[in-house]
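J.: Can you look at this prediction? I've put the sequence above it.
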Amino acid sequence: MVSISQQDVISSIMAEVQSALSIVTVVLNDVFGLENTIKAVQLQKSLSIEHIIVDGGSTDGSAKLAAKHSSKVVESMADGGIYPAMQRGAVLASGRYLLFCNAGDLIFGIDYLSRALD
């Protein structure tokens, strides 16, 4: 007889809910680049994506755009630069895989990420 604990059941459910991929986008005053990156992420098909946007204290509307579209937004605040911002996003990531896709970066092909992870 196999005994299954509540923790085993919870762990199994969490594994199913977990995003396949976490994408961390860092931005500072690049609302147009951020908008393009968000669109590129949203176009990805057949993949569960957690999109985390870290804003470094933008004054151009980037923080507002991030709050509207991100599954997780790190509080808009000045930080120590791009690498501390990337680290803040990585700490929040819960996906099996992590991709840094900064504001202005694009992902070409709507199935590119799902094919890369297969």
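T.: That came through, no problem.
J.: before we move on, what SS does the spatially most central residue of the chain have?
T.: Closest to where the C-alpha atoms of the chain average out (Cα atoms, centre = their mean) is H51, at 2.4 Å. Look at H51: counting by DSSP: H, G, I helix; E, B strand; the rest coil, its state is strand.
J.: Can you show me the helices along the chain?
T.: With DSSP state H as the criterion, the chain has helices at 6-17, 31-42, 62-69, 82-92, 112-117.
J.: what about those, which gets the closest to I23?
T.: Closest of these to I23 is helix 31-42, at 5.8 Å (criterion: Cβ to Cβ). Quick note: C-beta positions are derived from backbone N, CA and C, even for glycine.
J.: Could I get the helices of the chain in JSON lines, plus columns for mean neighbour count?
T.: Formatted as JSON lines, these follow (neighbours: other Cβ atoms under 10 Å):
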{"stretch": "helix 6-17", "mean neighbour count": "10"}
{"stretch": "helix 31-42", "mean neighbour count": "18"}
{"stretch": "helix 62-69", "mean neighbour count": "18"}
{"stretch": "helix 82-92", "mean neighbour count": "16"}
{"stretch": "helix 112-117", "mean neighbour count": "15"}
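J.: Out of those helices, which gets the lowest mean score?
T.: Note on those: lowest mean pLDDT is at helix 6-17, with a mean of 51.
J.: Thanks a lot, see you next time.
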